[in-house]
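Asker: fold the stuff below for me.
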Amino acid sequence: MRAIWSGSITFGLVNVPVKAYGATEDHDISFHQVHDEDGGRIRYERRCEVCGEKVEYKNIDKAFEEDGETVVLTADDFESLPEANNNEIEVVQFVPADQIDPIMAEKAYYLEPVGKTPKSYLLLRETLKNTDRMAVVKYALRNKTRLGALLVRDKTLVLQGMLWADEIRDVNFKGVNSRAKIGDKELELSAALVEQYSSDFTPDEFSDDYQIELRKLIDAKFESGDTLDTSKTFGEDADSDSDSSDDGDDADVVDLMEALKASLDRKKSGKSSKSGKSA
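Answerer: Numbers count the residues shown, from 1 in each chain. Alright, predicted model coming up:
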């Protein structure tokens with residue numbers, strides 16, 4: 001796996017250097033489009049509607065239209081935003097795990113400790129496990145400020161991306177407010193059916209039958225010789241991405257006890273100053 005992000009988790013004055021890796025991957029078979037007559041690959045062009053010229057991706061800016069007018073934002077505009085290059089995962093709350101609504105969940109990332117002495121990483125991991133909490137965090141990824149939660153999976157910290165509250169739609173379906181009566185016998189039979197299907201969840205027992213059958217169909221076409229010469233049909237081979245890995249410098253060893261004490265003292269002084277103002 002290749003790290004997609006590197007930075008630090010911060011809670012109080014404790015700093016936890018980490019690298020982030022995508023925790024999931026799509027197992028669907030990828031396709032491209034071809035002409036049904038000759039098998040030639042269909043390619044899409046970025047063409048300007050004003051001058052008609054084909055435009056390279058590097059020369060494309062983003063625009064926003066409202067009330068018949070458009071503003072153009074350049075790469076420099078996006079870079080000027082305060083969170084564009086933030087490389088911190090900031091812990092803002094520790095909450096009970098059952099308070100995180102599953103509907104808010106987005107993509108998850110494994111977090112790898114950086115450096116030879118990952119004591120701060122182990123401290124945060126064990127703290128989350130022992131307190132049965134999740135850490136609500138804010139972070140920036142791909143020029144967007146995001147909300148997330150830190151949780152523990154086996155021995156690894158996981159950053160679970162989450163939607164913002166205003167990205168969850170409100171619904172008011174008429175059916176859910178129906179006055180239809182559910183009888184005791186119906187509930188009893190329904191509960192009995194649930195009991196018959198009850199077991200421990202074992203994800204490995206489930207498979208994507210559609211993708212399995214699709215792979216069999218593709219293999220059968222290969223075996224029967226129902227194939228095309230890729231190099232002749234699809235033109236020049238695409239340039240392959242070169243692998244590169246950045247080994248980060250060893251993280252500075254932090255005095256965890258001092259950082260924890262200072263964080264607690266700062267939190268206490270903040271509370272006392274607030275109470276002094278309200279007095």
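Asker: each with direction, which strands does the helix or strand where residue 8 lies pair with?
Answerer: Element membership of residue 8 [criterion: DSSP states H and E] is strand 5-11. Take DSSP bridges as the rule and strand 5-11 pairs in its sheet with strand 14-22 (antiparallel), strand 88-96 (parallel).
Asker: return the set of buried residues in that strand.
Answerer: 5, 7, 8, 9, 11 (16 or more other Cβ atoms under 10 Å). To be clear about C-beta, it is placed using only N, CA and C from the backbone, and glycine gets the same treatment.
Asker: so how far is residue 211 from the most centrally placed residue in the chain?
Answerer: In the chain, the residue lying closest to the centroid (Cα atoms, centre = their mean) is residue 107, at 2.6 Å. Separation of residue 107 from residue 211 (Cβ to Cβ, to the nearest Å) stands at 20 Å.
Asker: related to what we said a few turns ago, which two in the buried residues of strand 5-11 are spaced the farthest apart?
Answerer: 5 and 11 (18.0 Å; Cβ to Cβ).
Asker: from memory the residue nearest to the centre of the chain sits against residue 26, does it?
Answerer: No: taking contacts as Cβ atoms under 8 Å, residue 107 lies outside contact range of residue 26: 10.9 Å.
Asker: so which residues of the stretch 1-150 of the chain form strands?
Answerer: Listed in chain order, the strands of the stretch 1-150 of the chain (DSSP state E, counting those that start in this stretch) span 5-11, 14-22, 62-66, 69-73, 88-96, 105-113, 133-141, 144-153.
Asker: turn those into TSV, including distance to residue 196 and mean pLDDT.
Answerer: Below are the strands of the stretch 1-150 of the chain laid out as TSV (distance: least, Cβ to Cβ, whole Å; pLDDT from 0 to 100):
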stretch	distance to residue 196	mean pLDDT
strand 5-11	45	93
strand 14-22	38	94
strand 62-66	54	92
strand 69-73	57	92
strand 88-96	32	94
strand 105-113	29	96
strand 133-141	33	93
strand 144-153	31	94
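Asker: with distance to residue 47 added, can I get those in a markdown table?
Answerer: Formatted as a markdown table, those follow (distance: least, Cβ to Cβ, whole Å):
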| stretch | distance to residue 47 |
| --- | --- |
| strand 5-11 | 34 |
| strand 14-22 | 33 |
| strand 62-66 | 16 |
| strand 69-73 | 18 |
| strand 88-96 | 40 |
| strand 105-113 | 32 |
| strand 133-141 | 31 |
| strand 144-153 | 28 |
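Asker: which among these is found nearest to residue 218?
Answerer: Comparing these by Cβ to Cβ, strand 14-22 comes nearest, at 25.3 Å.
Asker: show me what counts as buried in that closest one.
Answerer: By neighbour count on 16+ other Cβ under 10 Å, the buried set for strand 14-22 is 14, 15, 16, 17, 18, 19, 20, 21.
Asker: relative to residue 59, which of these is nearest.
Answerer: Out of the buried residues of strand 14-22, the member with the shortest distance to residue 59 (by Cβ to Cβ) is residue 20, at 30.5 Å.
Asker: so the closest one bridges to which residues?
Answerer: residue 5, residue 111.
Asker: hmm, it is touching residue 5, no?
Answerer: Yes: counting by Cβ under 8 Å, residue 5 is a contact partner of residue 20 at 4.1 Å.
Asker: overlap in contacts, the two.
Answerer: Here residue 20 and residue 5 have residue 109 as joint contacts, going by Cβ atoms under 8 Å, 6 or more residues apart in numbering.
Asker: low pLDDT regions in the protein?
Answerer: Within the chain, the ranges that satisfy pLDDT under 70 run 84-85, 232-255, 270-279.
Asker: now the helices for it?
Answerer: 75-79, 119-131, 184-197, 209-223, 230-233, 256-278 (DSSP state H).
Asker: return the most buried member of these.
Answerer: Highest mean neighbour count of the helices of the chain: helix 119-131, a mean of 16 (counted as mean count of other Cβ atoms under 10 Å).
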